[in-house]
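*Asks:* coords please:
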Amino acid sequence: MNTVESLPFSLGIRTNYKGYYYLVDALTLIMEDENRLLSIGTELFPAIALKYQTDVRCIERNIRTVIKVCWESTACQKLQSISPYPLESPPTVGEFLDILFWHLVREKETKKQKKRASGVKI
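*Replies:* Numbers count the residues shown, from 1 in each chain. Below is the predicted model:
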C-alpha cells in the first residue's frame with residue numbers, strides 16, 4: 001500500500017532530496033483539502049515555505065528536481081502506470097501533485113471497499 005510517505009520512495013525519490021520532504025508535505029496538505037490543488041503557488045507552496053523557512057521558489061525548484069529524478073529512473077514506469085493519461089514528457093509540478101493525489105485517493109477508496117467486502121467495520 002502506498003502512503004504519502006512511501007509513494008515517493010516507490011517513484012525513486014529518496015530522503016536525501018529536500019524535494020522529498022516538500023512533496024510529502026504538499027501531498028499531506030492536499031489530502032486534507034483537495035482545493036489546494038487550485039492554489040499551489042498562492043496557498044500550498046507558501047505554507048510549506050513558511051514551515052521550512054525558505055522561499056516559495058525553492059519549494060517549486062526542489063519538487064521539480066525530484067520529478068526529474070523520477071522521470072530519469074526506472075521508476076518512471078510506475079509514474080506512467082498510475083497516471084490517468086499518457087506522459088510524453090516529465091509532468092509539471094501541478095500535474096505531478098495531481099497524479100499522486102488522485103492515486104492516493106484511489107488507493108484509499110480501494111482499501112475501504114476491500115474492508116467492506118470482508119465485513120470489517122470502517
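
*Asks:* Show me the helices in this structure, by range?
*Replies:* Secondary structure of the chain by DSSP state H: the helices cover 6-10, 18-32, 45-52, 56-71, 76-82, 93-117.

*Asks:* Of those, which shows the lowest average pLDDT?
*Replies:* The stretch with the lowest mean pLDDT among these is helix 93-117, which comes in at a mean of 89.

*Asks:* follow-up on the earlier one: quick one: which of the helices of the chain is nearest S39?
*Replies:* Distances from S39 to each of the helices of the chain were compared using Cβ to Cβ; the shortest belongs to helix 45-52, at 9.2 Å. C-beta coordinates here come from the backbone N, C-alpha and C atoms, glycine included.

*Asks:* Could you list every helix and strand in contact with the closest one?
*Replies:* helix 18-32, helix 56-71 (3 or more Cβ pairs under 8 Å, 6 or more residues apart in numbering; DSSP states H and E).

*Asks:* circling back to that earlier point, I'd like the helices of the chain as JSON lines, with distance to L38 appended.
*Replies:* Formatted as JSON lines, the entries for the helices of the chain read as follows, by distance: least, Cβ to Cβ, whole Å:
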{"stretch": "helix 6-10", "distance to L38": "21"}
{"stretch": "helix 18-32", "distance to L38": "10"}
{"stretch": "helix 45-52", "distance to L38": "13"}
{"stretch": "helix 56-71", "distance to L38": "16"}
{"stretch": "helix 76-82", "distance to L38": "21"}
{"stretch": "helix 93-117", "distance to L38": "10"}
